[in-house]
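Chemist: Below is the sequence, then the predicted model.
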Amino acid sequence: MSLLLTVFYILADAFVYMPMRYIMFKDKLRYSYPGTMAFLFAVCLIEGVLYFFLQNMVTSNVTNYVFRLIFMVIHICLSFYFINDNWQKVLFLALLFVPVGITGVTVSGIFEIVVMPGLYAVNPMLWETIVKVVFALIMYYPLYQLFDKMLKPILDIDAEKCWQGIWLVPGVFSIITLWVSRSFLPPEKIVFIALIRLSVLIGCFVCCVSLSKTAKLVEENTFQKAQAENMKQLMELQEKQYEKISNHISQLRKNNHDARHHIRALMSLANEGNLEQIKIYLEKFIEKIPSGKGLFFCNDLMLNAILEYYYSYAKEKSIPIDIKTDVPEKVFDSADLSVLVGNLIENAVEAQENLADEEKFINLKIKTFGDKIYFVVENAFDGVINTRNGQFLSHKRDNQTAGVGLQSVNEIVKKYNGELVITTDNKVFKCSAMLESV
């Protein structure tokens, strides 16, 4: 057995399945996709070299089997490092690919026993490698389409509770697949083994897709609750704005009523020809008239009401706030835009409760470019960040659960084909995104 052939034998197992598994998390990788693949294939090369020396020293099938299992665990552990996502989600997909990968070994075994027994007798490792590679190339496109259409949308679920324990399902099926191994059953049972492994693979995939769809429903239910909470928040803000408007209307009615008395008084002074008293009266009257200068930020009335409320709220908390907006009327859904901006400013205000006055600040900028809108919110914070599986934990809930506000913001950003970018540098918390009108 040559070293080169042994390395190719090991690489054949990872030839398609490893790149396909990682491409499902392409946007969650810590490093570039080509760089990650280069490193992992280097690990496979090391595995192949070690396997070559092990084969020359030990001929036991059990020892070789254990060696392959150890490197399978190593590859799963590397997944946790390279993929910056929920570990249960990463483990779920890694275990799901175990029955898929072993299917190639099974097909090779069928060729060895049933189709080409003579060729396998000459060089079994060479032909097993060739068959596995050919099978992987044939299955690549249908497998990719299957995973991309049925599993990729589900893998976008970020809610942690949706993934709790789901990895156990492909885990159990993987154990069954590994147990039904040619290492422990006679070669003539290969067709029986293939049928069992195929059944396990189908059962595993069906169960995983069903559970994942259930997880999707749980996430949608969670989001709907968050949306209901957001709408409640909007209604409360609108009630405050309506109350403010109502007070303005009441004040106008009072002013209209009082105006008649002022006019009568002025008429009386005018009839007396007392011009000096008229001037004094008018000066005092003008001082009592409100300036009428309201807060105007944008042409979107609902968003303007939200900005007006939080601007006043920040001022009450002695927080310097600067708002620059360029939002025309009815370009984006007012409710979505108001929830997005309202949550970000509310979080920004709450993040500064324990800061010194000279440290506090909030900057909000909203700019439109045709059918796109760009927003960025910067605020001071204490520098303490608590995250779990890439999600920021809420300070309101003892740092144990993800903040509903940021989850709602993220969902709205995704709705408009954007991506929420969060940076935390020098005690400055910054959220930004570019949204497209849909």
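Modeler: Right, received. Where do you want to start?
Chemist: From Val376, how far out is the spatially closest residue to Glu308 that is not a sequence neighbour?
Modeler: Ranked by CB to CB, 6 or more residues apart in numbering and with sequence neighbours excluded, the top spatial neighbour of Glu308 is Leu295, at 4.4 Å. All C-beta atoms are positioned from the backbone trio N, CA, C, and that covers glycine. Note on Leu295: its distance to Val376, by CB to CB, to the nearest Å, is 21 Å.
Chemist: try Leu3
Modeler: Taking CB to CB, one finds Leu3 at 56 Å from Val376.
Chemist: And those two? Which one has more around it.
Modeler: Val376 (16 against 13; other CB atoms under 10 Å).
Chemist: which ones are touching the nearest residue to the more buried one once chain neighbours are set aside?
Modeler: Leaving out its chain neighbours, the residue that sits closest to Val376 by CB to CB, 6+ apart is Ser432, at 4.0 Å. By CB atoms under 8 Å, 6 or more residues apart in numbering, the contact set of Ser432 is Tyr374, Phe375, Val376, Val377, Leu420, Val421.
Chemist: and the residues you listed, which two are the farthest apart?
Modeler: Tyr374 and Leu420 (12.4 Å; CB to CB).
Chemist: Pull up the overlap in contacts between those two.
Modeler: Ser432, Ala433.
Chemist: Helix or strand: which one has Leu435?
Modeler: strand 428-436 (DSSP states H and E).
Chemist: mind listing what that strand pairs with, with the direction of each?
Modeler: According to DSSP bridges, strand 428-436 has the following sheet partners: strand 372-380 (antiparallel), strand 421-425 (antiparallel).
Chemist: Quickly, which of the ones you listed bottoms out on average pLDDT?
Modeler: Mean pLDDT per stretch puts strand 421-425 lowest among the strands paired with strand 428-436, at a mean of 86.
Chemist: List of residues touching it?
Modeler: Phe381, Gly383, Ile385, Phe392, Phe429, Lys430, Cys431, Ser432, Ala433.
Chemist: Tell me the buried residues within the residues you listed.
Modeler: Phe381, Phe392, Phe429, Cys431, Ser432, Ala433 (16 or more other CB atoms under 10 Å).
Chemist: Out of those, which one has the weakest pLDDT?
Modeler: Phe392 (64).
Chemist: ok so Ile323 is a strand residue?
Modeler: Yes. Counting by DSSP: H, G, I helix; E, B strand; the rest coil, Ile323 falls inside a strand.
Chemist: in terms of contact, does it touch Phe297 like I think?
Modeler: Yes. Using CB atoms under 8 Å, Ile323 is in contact with Phe297, at 5.7 Å.
Chemist: any residues in contact with both of the two?
Modeler: If you check Ile323 and Phe297 against CB under 8 Å, 6+ apart, the residues they both contact are Leu307, Tyr311.
Chemist: Okay, now the unreliable bits of the stretch 301-438 of the chain?
Modeler: 329-332, 386-405, 438 (pLDDT under 70).
Chemist: which stretches of it form strands?
Modeler: Counting by DSSP state E, counting those that start in this stretch, the stretch 301-438 of the chain has strands at residues 321-326, 362-369, 372-380, 387-388, 391-392, 421-425, 428-436.
Chemist: how about a markdown table for these, with distance to Glu411 added?
Modeler: Putting the strands of the stretch 301-438 of the chain into a markdown table (distance: least, CB to CB, whole Å) gives the following:
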| stretch | distance to Glu411 |
| --- | --- |
| strand 321-326 | 22 |
| strand 362-369 | 19 |
| strand 372-380 | 15 |
| strand 387-388 | 18 |
| strand 391-392 | 13 |
| strand 421-425 | 15 |
| strand 428-436 | 12 |
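Chemist: The ones you listed: which one's closest to Val172?
Modeler: Nearest of these (CB to CB): strand 387-388, 26.1 Å.
Chemist: hey, where'd the helices end up in the stretch 251-400 of the chain?
Modeler: Along the stretch 251-400 of the chain, counting by DSSP state H, counting those that start in this stretch, helices occupy 275-288, 301-316, 334-350.
Chemist: Could you single out the most deeply buried of the ones you listed?
Modeler: Among the helices of the stretch 251-400 of the chain, helix 334-350 has the highest mean neighbour count (mean count of other CB atoms under 10 Å), at a mean of 22.
Chemist: Most distant residue from the centre of the chain?
Modeler: The centre of the chain is farthest from one residue, Glu272, which by CA atoms, centre = their mean lies 77.3 Å away.
Chemist: Now for that residue: which residues touch it?
Modeler: With CB under 8 Å, 6+ apart as the criterion, no residue contacts Glu272.
Chemist: can you pull the pLDDT of it?
Modeler: 77.
Chemist: What separation do you get for it and Ala265?
Modeler: Taking CB to CB, one finds Glu272 at 11 Å from Ala265.
Chemist: again with Asn304
Modeler: Using CB to CB, we find Asn304 at a distance of 39 Å from Ala265.
Chemist: cool, and Ala12?
Modeler: The gap separating Ala12 from Ala265 is 101 Å, by CB to CB.
Chemist: Those two: which is more packed in?
Modeler: Ala12 (24 against 14).
Chemist: The more buried one contacts Ala136, doesn't it?
Modeler: Yes. Using CB under 8 Å, Ala12 is in contact with Ala136, at 7.3 Å.
Chemist: what's the domain layout of the chain?
Modeler: Split into domains by automatic domain parsing, the chain comes to 3-226, 241-288, 301-436.
Chemist: all strands of the stretch 51-200 of the chain, in order?
Modeler: Counting by DSSP E, counting those that start in this stretch, the stretch 51-200 of the chain contains no strands.
Chemist: the helices in it, which residues?
Modeler: Along the stretch 51-200 of the chain, counting by DSSP H, counting those that start in this stretch, helices occupy 61-82, 87-110, 117-122, 124-150, 152-155, 168-179, 190-272.
Chemist: hey, least reliable of these by pLDDT?
Modeler: Mean pLDDT per stretch puts helix 117-122 lowest among the helices of the stretch 51-200 of the chain, at a mean of 61.
Chemist: Farthest pair within the contacts of strand 421-425?
Modeler: Gly383 and Ala433, at 23.0 Å, using CB to CB across the contacts of strand 421-425.
Chemist: Compare the strands of the stretch 301-438 of the chain and give me the one nearest Val43.
Modeler: Comparing those by CB to CB, strand 387-388 comes nearest, at 27.9 Å.
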